[in-house]
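# Fold the following and give me the result.
(2 chains)
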Amino acid sequence: MLDALFDPLFSLIGGPKQLPLYLFLLPIPILLWLFWVEFHAATGRDTPAGERVVHLIDGLNSAIGKTYGWSILVLTFTTSYEVFSRYIFGAPTEWAFDASYMLYGTLFMMAGAYALARNAHVRGDFIYRAWSPRRQAMMDLVLYVLFFFPGMLAFVYAGFGFAELSRRMNEHSSASPNGPIVWPFKWLIVFVGVMMVIQGIVEVMRCIMCIRNGEWPARLHDVEELEKVMLEDAEKKKQAEMKAAEESGLRRGDV
Amino acid sequence: MFGLGNPELGVLMLALFVVFIMFGFPIAFTLMALGVFFGYFALGDLIFSLLVQRSYSVMTNDVLISIPLFVFMGYIVERANILDRLFRSLQLAAGPVPASLALATLATCAIFATATGIVGACVTLMGLLAFPAMLRAGYDVKIAAGVVCAGGCLGILIPPSVMLILYGATAGVSVVKLYAGAFFPGIMLAGLYMLYTIIMALLNPKLAPRLPLEERNVPLSTVFWALVTSFLPLAGLIGAALGSIIFGLATPSEAAAMGSLGALLLAVGYGADYTKRRNVLLVQVYGVLMVAFLAYVIVCGMTALDVDRRIVGLALFATLFVGVVLIPGTSFRLFQLKESVFLAARTTAMVCWLFIGSFTFSAVFAYLGGHEPIEKFVLWMNLSPTGFMILAQIIIFVLGWPLEWTEIIVIFMPIFLPLLKTFNIDPLFFGLLVALNIQTSFLSPPVAMAPFYLKGVAPAWVNINDIFRGVMPYMIIVIVSMVMLYTFPQIGLWLPNQLYR
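Next up, the predicted model:
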């Protein structure tokens, strides 16, 4: 339907089969802009060097996660379009299946380090929560070194062979007759693994700061789950009420 | 290693994992690392290709695709500021019934939690909205707390819920069948909650006093209009998503995508500025058209005529047109959309990285044959299938005390699943029982998320022990409904058996 519009575009980038590569490349300007915003929102002139590094990497990984997070919206539209085109135009699309898993895979892989930067990976924290921050940090530090880095390095190492083989073969998807290239999608494993390792180093720096100061350094401000925001609000309100009650009590005491 | 055979290594790996889970490190990475370590000892370099293959299979998994889409839909509905009006309209509708506020709370929770699938949001929002309203009306603290907590958790049971997708992906059961199966148990549980609340109110009217007459005496047309504008669109959205999955019109991921799109339109429609006469008129005309369209589709379905595609297309364009026209001046704008996108990305990353860890871990566990000693041990206990079922449910119930449902489903289900074959238990039926059982993991101390969320937003004088005491009867109702489902499996299995023979 929109061939007249897309054909010249596709010929420019070497055919629709090359699209997956551009899925990763096109959002880069947005990514850089987001990174700039995130980093400058957190860092002023007098921020110490250690914290500056932490914010830099946090901002970078958040920007990556947020930029590619928009693929959820693209996924919503493409999948819906596939349904419409099947039922209304009576013609299922060829590309919908490849597009759907690539968008979904990109979404959650790219957000992996972002989730780590926001401490959003689920923990079995029923004992952990009761510990002092210093103790939490020490345990985290040990386990980052013992578990996280070996696991992630294995991930990168394994992913490299897998993705490089695919690139050398110039592998195309076999799910549809006009399969797009899949090797950029496989290279994602390596890229994300490296970003996870870098974010892991920053998390270790956080642990060290916490062991030194006895409390967790603040994370960048970001959108939070509704319940968390509301619980914090309620807590603040209660404290304000208590303070007001105390003050009025004092005043009455004066009289 | 250490003169241990492979199966013993498998058990050691599992035991170590259970120990390390308590140290509070992100579980996905603990699973991955243990899988890599033990896999390296058992398989050598092969573990690397195993690791990457398992990760890639998560990245291309066609069941898990629906997770981000459903999560996205949930966040849109959550940020659209719908709950307030939904609760008010249901409260008006429940007017003359005893314990009407409590019933309206349960119904609101069931609908809202089903649409969002986010337990914490539902409990805190209702804790701020319905809980004070009930206390003001003179309700007993315990019953008010119980209703809010129990109702808020229904969302992970009543389909379309993300939990059933996770179970389907781990157990290899069709998500469609799970949705069809969980439909009636979910309705049953919500019904039992309501029944219990009404009976308590009838036995002791002081627990839930009736609203004053002037608040009850609302003209029927007002009630009707309130329901049409707040309850109906949301119920329609859920119904359409679920219906198209159950009746095979769309795959779960397609239904979820359409659901997200519908939620976007709904959010725009809800938030639009209705002080403008033009908007009101537009929505009214659109509503009449849609009713006509629905009638047309139903008539076509009854008389086996083909639905004209052009009319469907027209309805679609009308919907999009109305959505776009309403956007200026709505409360759901780019900011809320951004929040939903980012939160959906983070939540999806959390769940799917857990799957990467768990797929690797369970592949190594299966290679080592860690199931054998466990299976031998269970057989040695000489249980009947019923005995095994009860034991399994008790273990899951106990796991629910310290852990959350994601961990229980993704990590501990793979251990139970091979045993189901030994005892000849249908994984679909087992899944339904587990889905009911998991409800208790939100309510039982010490990690009872729902009561603690409620405590966080409740007035300071509300005691956490009162909340727990109020939740207790509803936990017993969950167990009663499990017993009912076990005694009459047809409650869950009738619909899937009817639809997919």
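# rest of the way, CA atoms for contacts and neighbours
OK.
# quick check: longest helix of chain A.
Identified as the longest helix of chain A according to DSSP state H is helix A:183-213.
# Now do that helix: distance to the chain's middle.
Here helix A:183-213 is found 11 Å from its chain centre; the criterion is Cα atoms, centre = their mean, to the nearest Å.
# Quick one: mean pLDDT over it.
Helix A:183-213 carries an average pLDDT of 93.
# just stretch B:314-324 next, same as before
Mean per-residue pLDDT for stretch B:314-324: 83.
# again, but for stretch B:370-386
When pLDDT is averaged over stretch B:370-386, the result is 83.
# hang on, the earlier thing: show the subsequent helix or strand relative to the longest helix of chain A.
Moving toward the C-terminus from helix A:183-213, the next helix or strand (DSSP states H and E) is helix A:226-254.
# Who are the packing partners of that next one?
Where contact means 3 or more Cα pairs under 8 Å, 6 or more residues apart in numbering or on different chains; DSSP states H and E, helix A:226-254 is packed against helix B:119-136, helix B:449-457.
# picking that back up, and the longest helix of chain A, which residues are buried?
A:183-190, A:192-211 (16 or more other Cα atoms under 10 Å in any protein chain shown).
# In which helix or strand does B:Arg278 reside?
helix B:277-302.
# Show me the subset of the buried residues of helix A:183-213 that also lies near chain B.
Contacts with chain B are made by A:Lys186 out of these, judged by Cα under 8 Å from any Cα of the partner chain.
# Take the helices and strands packed on helix A:226-254 and lay them out in CSV including distance to B:Ser57 and mean pLDDT.
Formatted as CSV, the helices and strands packed on helix A:226-254 follow (distance: least, Cα to Cα, whole Å; pLDDT from 0 to 100):
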stretch, distance to B:Ser57, mean pLDDT
helix B:119-136, 29, 87
helix B:449-457, 32, 85
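# could the ones you listed go into TSV alongside distance to chain A and mean neighbour count?
Supplementary listing: the helices and strands packed on helix A:226-254 in TSV, determined by distance: least, Cα to the nearest Cα, whole Å; neighbours: other Cα atoms under 10 Å in any protein chain shown:
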stretch	distance to chain A	mean neighbour count
helix B:119-136	5	23
helix B:449-457	5	25
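# Using JSON lines, lay out those together with distance to A:His221.
Formatted as JSON lines, those follow (distance: least, Cα to Cα, whole Å):
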{"stretch": "helix B:119-136", "distance to A:His221": "20"}
{"stretch": "helix B:449-457", "distance to A:His221": "22"}
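# wait, which of those is closest to B:Ser100?
helix B:119-136 (9.7 Å; Cα to Cα).
# And whatever helix or strand comes next after the closest one, what's buried?
Sequence order places helix B:141-152 as the next helix or strand after helix B:119-136, per DSSP H and E. Residues of helix B:141-152 classed as buried under the neighbour-count rule (16+ other Cα under 10 Å) are B:141-152.
# ditto for stretch A:128-138
Buried positions in stretch A:128-138, judged by neighbour count with 16+ other Cα under 10 Å: A:128, A:133-138.
# Restricting to these, which residues neighbour chain B?
Among the buried residues of stretch A:128-138, the ones lying near chain B by Cα under 8 Å from any Cα are A:Tyr128.
# which of the buried residues of stretch A:128-138 lies closest to chain B?
Relative to chain B, the closest of the buried residues of stretch A:128-138 is A:Tyr128; by Cα to the nearest Cα it sits at 5.2 Å.
# Test my guess that that closest one contacts B:Met22.
Yes. Under the criterion of Cα atoms under 8 Å, A:Tyr128 makes contact with B:Met22 at 7.2 Å.
# ok, A:Gln199 to A:Arg118 distance?
11 Å (Cα to Cα, to the nearest Å).
# re the thing from before, just checking: which of the buried residues of helix B:141-152 also lie near chain A?
Near chain A, judged by Cα under 8 Å from any Cα, there are no entries from those.
# what's the lowest-pLDDT member of those residues?
B:Gly152 (87).
# In contact with that one, which residues are there?
B:106, B:109-110, B:113, B:119-120, B:122-123, B:450 (Cα atoms under 8 Å, 6 or more residues apart in numbering or on different chains).
# swap in B:Lys142?
Counting by Cα under 8 Å, 6+ apart, B:Lys142 makes contact with B:466-467, B:469-471.
# just B:Leu90 next, same as before
B:Leu90 makes contact with B:104, B:107-108, B:227, B:231, according to Cα under 8 Å, 6+ apart.
# now, which of these lie within helices?
B:104, B:107-108.
# Tell me the one among the residues you listed nearest to chain A.
B:Thr108 (17.3 Å).
# Going by secondary structure, the closest residue to the closest one other than its chain neighbours is in what exactly?
For B:Thr108, ignoring the flanking residues on the chain, the nearest one in space by Cα to Cα, 6 or more residues apart in numbering or on different chains is B:Phe87 at 5.7 Å. Per DSSP H and E: B:Phe87 is located in helix B:83-93.
# same thing with B:Trp401?
Going by DSSP H and E, B:Trp401 is not in any helix or strand.
# And for it, the neighbour number?
18 (other Cα atoms under 10 Å in any protein chain shown).
# Beyond the helix or strand where B:Pro414 lies, next helix or strand please.
Per DSSP H and E: B:Pro414 is located in helix B:413-422. Once the chain leaves helix B:413-422, the next helix or strand it forms, by DSSP H and E, is helix B:427-443.
# How far off centre is that next one?
Worked out by Cα atoms, centre = their mean, helix B:427-443 lies 11 Å from the chain centre.
# what's it packed up against?
helix B:162-171, helix B:175-203, helix B:385-399, helix B:449-457, helix B:464-487, helix B:490-499.
# Closest to A:Arg168 out of the ones in helices among the contacts of B:Leu90?
For those, the closest approach to A:Arg168 (Cα to Cα) belongs to B:Thr108, at 55.8 Å.
# Please tell me I have it right and that closest one contacts B:Asp84.
No. Contact criterion Cα under 8 Å: B:Thr108 and B:Asp84 do not qualify, at 9.6 Å.
# quick one, which of the two is more surrounded?
Neighbours were counted for B:Thr108 and for B:Asp84 using other Cα under 10 Å; B:Thr108 has more, 28 against 14.
# quick one: contacts for that one?
B:83, B:86-87, B:90.
# Residue ranges in the stretch 201-350 of chain B under the pLDDT threshold?
By pLDDT under 70, the low-scoring segments of the stretch 201-350 of chain B are B:213-215.
# Can you pull the residues of it lying near chain A?
B:250, B:253-254, B:257-258, B:260-261, B:309-310, B:312-313, B:339, B:341-350.
# Can you flag which of those belong to helices?
When these are checked against helices (DSSP H), the matches are B:253-254, B:257-258, B:260-261, B:309-310, B:312-313, B:339, B:341-350.
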